[in-house]
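>>> Prediction below, plus the sequence it came from.
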Amino acid sequence: MTKIAILVDEMNAMAQLHELGIKGIRPWSQFYKAIEENFTITKTPAECHFYCANIPEKLDSQRHHLREGFFKALIRDGITVHKGFAVLDRNKRLIEKGVDVLLSLDLVDLSLEGFDEIIVFSADGDIVPAIQRARANGAIVKAVLSFTMPAGNIAESVDEIIRLKDVLKFIPSIHLLELKNPNMKESVVA
């Protein structure tokens, strides 16, 4: 049986969606379903992974608990949630840490576990060495990218590029939340 995994880097995915005027996808299971049914070698159900971080509870308890509710909803939908952490940088902005490392480790581990196809929704060049290792281990690696992201390193390292606009065509519009002001970029963590 073909083994397929879909890995979503939340912050990177959200940046790509925001560039297209989309605030988010609700529920995220619609994104995974669109990939499974339209962009994989076979229509085999995929393992679904989501890489994210949360606001520290001591900084903003309300937002922290809202995010935890979001993570629980993902888990209820059969999506495995991998959490990095968030810290304040020297300008007092929240930044996520560890997420690309978690995704990279899983990319390599899944390829070693015999996954035939791994689809990554990220344009983060930090994961290129993991993509190269996964391919060397025999996995087909595809990346979901929008045309607006400068992801040359990712594009050159994968077997195939899946255009985000093409994926969105397979998600019913009621599941795509529009940004009220597309010029205002929102951040899930910050």
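Ah, there it is.

>>> Can you find the helix or strand of the protein with the lowest average pLDDT?
Among the helices and strands of the chain, helix 152-157 carries the lowest confidence by mean pLDDT, DSSP states H and E, at a mean of 90.

>>> Just the buried residues of that one, please?
154, 157 (16 or more other Cβ atoms under 10 Å). The way it works is simple: take the backbone N, C-alpha and C, and place the C-beta from them, glycine included.

>>> for the helix or strand that that helix is followed by, packing partners?
Following helix 152-157 in sequence order, the next helix or strand is strand 160-163 (DSSP states H and E). Secondary-structure packing of strand 160-163 (3 or more Cβ pairs under 8 Å, 6 or more residues apart in numbering; DSSP states H and E): strand 140-145.

>>> The same query, at a cut-off of 10 Å, please.
Here strand 160-163 is seen to pack against helix 29-38, strand 117-121, strand 140-145 when contacts are counted using 3 or more Cβ pairs under 10 Å, 6 or more residues apart in numbering; DSSP states H and E.

>>> between these, which one is nearest to Lys58?
strand 117-121 (30.5 Å; Cβ to Cβ).

>>> Can I get the closest one in PDB? Just the C-alpha atoms.
What follows is the C-alpha trace of strand 117-121 in PDB, where atoms were taken according to Å, rounded to 0.1, in the frame of the first residue of the first chain:
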ATOM      1  CA  GLU A 117       5.100  10.500  -1.100                       C
ATOM      2  CA  ILE A 118       5.500  13.500   1.300                       C
ATOM      3  CA  ILE A 119       3.700  16.800   0.500                       C
ATOM      4  CA  VAL A 120       5.000  19.900   2.300                       C
ATOM      5  CA  PHE A 121       3.100  23.200   2.500                       C
END
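
>>> Going forward, count from 51.
In the new numbering, first residue 51, that becomes strand 167-171.
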